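> Sequence plus the predicted model coming up.
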Amino acid sequence: MHLLGYVFFIFAGLIFGLFGSGGSIIIIPILIYIFKLSIYEATTYSLLLVFLISFFGTLQHIKQKNLQIKNISTFIIPTLFFTCISRVYIFPAIPDYIGLIDISKETLLMILFSFVVFFSAISLFKTSQFNFKYDIKIIFFVIGMLVGILTGLLGIGGGFIILPVLVLFAKMNMKEAASSTLFIIMLNTFLAIMLEITVFQFKFQIFFITAILFSAIIGMLIGIYLLNKIDVNVTKKLFSVTLLLLSLIIFLFEII
């Protein structure tokens, strides 16, 4: 069963390499449903793995000169701030079981997870770019805040939100958006991991994280290679369909 999990981690790395995001929507279900980790353990391991993958991926994109740091600075501050608030205060405040709606913390967060992924998938189906009457910096701040909260709650990098915003609002092409998304994720998840280690003294199993990281990096290298071989419109559509299907699978798994 665990061997299948490592195969899925290769696919998660492939998604990261191609799109600069989206790998965590596979990582979380793998850790919970295949490796049988708790929601807290799964989100913490996901944060570390996403950081390491995004760090490695960012280096590859820097070598290929795809990264556009100056266009994403407005994202960074609210994302980091609200990641801290969400992970340290909001996540621990949610009870393990919510009797009012008869649902566990894990199920609630996974259903939230599926809805976020679903709406992100729908947004990428839009082919036109938006000309918003609001300042792009305001949009970036609000989305950065949302990404930070979701990173703290769900252990995700938030790339499946960041990527559509960069494509649709910042008018980046897929290569620029993928590399910029990885860079934001790298900073965001690094902060979350430092909080886990310093505030909560979380102990990672080195062998386990090494094995899944190795699998994911193999997939990511394949994805980065394919990024320069596949038409950007094709990658955008593939990403949308992947998110849509996985969100539906996770939702159905939790409610059935």
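Looks like it came in fine.

> The residue positioned nearest the centre of the chain: what's it in contact with?
In the chain, the residue lying closest to the centroid (CA atoms, centre = their mean) is Gly157, at 3.3 Å. For Gly157, the contact set (CB atoms under 8 Å, 6 or more residues apart in numbering) comprises Ser21, Gly23, Ser24, Val50, Ser54, Thr151, Thr181, Ile184, Ile185, Asn188, Thr189. C-beta coordinates here come from the backbone N, C-alpha and C atoms, glycine included.

> repeat for Phe35
Contacts of Phe35 were listed using CB under 8 Å, 6+ apart, and they are His2, Gly5, Ala42.

> Tabulate the contacts of Gly157 (JSON lines), appending pLDDT.
Conversion of the contacts of Gly157 to JSON lines gives the following (pLDDT from 0 to 100):
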{"residue": "Ser21", "pLDDT": "65"}
{"residue": "Gly23", "pLDDT": "70"}
{"residue": "Ser24", "pLDDT": "74"}
{"residue": "Val50", "pLDDT": "85"}
{"residue": "Ser54", "pLDDT": "83"}
{"residue": "Thr151", "pLDDT": "88"}
{"residue": "Thr181", "pLDDT": "85"}
{"residue": "Ile184", "pLDDT": "89"}
{"residue": "Ile185", "pLDDT": "88"}
{"residue": "Asn188", "pLDDT": "90"}
{"residue": "Thr189", "pLDDT": "90"}
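
> rewinding a little: roughly how far apart are the residue nearest to the centre of the chain and Val234?
Distance of Gly157 to Val234, computed by CB to CB, to the nearest Å: 23 Å.

> and if you look at Val116?
Val116 sits 24 Å away from Val234, going by CB to CB.

> what stretches of this structure score poorly on pLDDT?
Residues of the chain meeting the criterion pLDDT under 70: 1, 20-22, 68, 123-134, 232.

> which residues in it form helices?
With DSSP state H, the ranges of helices along the chain come out as 2-19, 24-29, 39-63, 73-85, 91-93, 105-124, 136-154, 159-168, 174-198, 206-227, 232-255.

> Could I get those helices in TSV, plus columns for mean neighbour count?
Shown next, in TSV, are the helices of the chain (neighbours: other CB atoms under 10 Å):
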stretch	mean neighbour count
helix 2-19	21
helix 24-29	26
helix 39-63	22
helix 73-85	19
helix 91-93	12
helix 105-124	19
helix 136-154	21
helix 159-168	27
helix 174-198	23
helix 206-227	18
helix 232-255	17
